[in-house]
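Chemist: How does the following fold in three dimensions:
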Amino acid sequence: MERVVKWLEPCSAAGIGAALNLTVSAVDYAGVIDARAVDPQWVALSGAAGGLVSALVHIGVVSLAAEPAGRREITRALIEGAFAILVGALVAGFWGPSAARFWPAASPSDLRAIGFGVGMAAWRFAPGLFGALKLLSNPATLRDLALRWLTSMGAKP
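Modeler: Numbering: from 1, shown residues only. Coordinates of the predicted model:
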């Protein structure tokens, strides 16, 4: 069951994301919004929405686990959810518009979908990235990595 829950969380978040993308396309088709204009705020908002979907799915998985979740687990999931929204908006707002340089044929709706995907994934990778930055901020660790790199090349330090 634990294996199913492990895969259910990201798959359900991706399904919800696809449904939201279809909703934006339908709203554009109805003429309510203009999906042809590239607006960095919309990309950041899409990233925040991706973080929100991932956060809601995570909170649901935590609260509906086989063992009853305590107040501490629910509070932690809510705080992680708030940071998921923030990290999703910041990362998508920064990287989403830059994707147009790497993919010139991307339409604005593609950029918003990329922003949503970045928002969904960013909070999953953020703790590992912060841990790696904390590890690399130690001068002794940097020295050891540099020495390993130099000795692997055959150079004598």
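Chemist: going forward, measure contacts between C-alpha atoms and count neighbours the same way
Modeler: Noted.
Chemist: Give me the residues contacting stretch 66-75.
Modeler: For stretch 66-75, the external contacting residues (CA atoms under 8 Å, 6 or more residues apart in numbering) are 59, 62-63.
Chemist: May I ask which of those has the most neighbours?
Modeler: When neighbours are counted by other CA atoms under 10 Å, Ile59 leads these with 22 neighbours.
Chemist: what sits against that one?
Modeler: Counting by CA under 8 Å, 6+ apart, Ile59 touches 74, 77-78, 81.
Chemist: which of the residues you listed has the most neighbours?
Modeler: Going by other CA under 10 Å, Gly81 tops those with 22 neighbours.
Chemist: Where does that residue fall, secondary structure wise?
Modeler: Here Gly81 sits within helix 71-95, counting by DSSP states H and E.
Chemist: For that helix, what does the pLDDT average out to?
Modeler: Across helix 71-95, the average pLDDT comes to 82.
Chemist: what's the answer for stretch 129-146, then?
Modeler: Rounded mean pLDDT across stretch 129-146 is 81.
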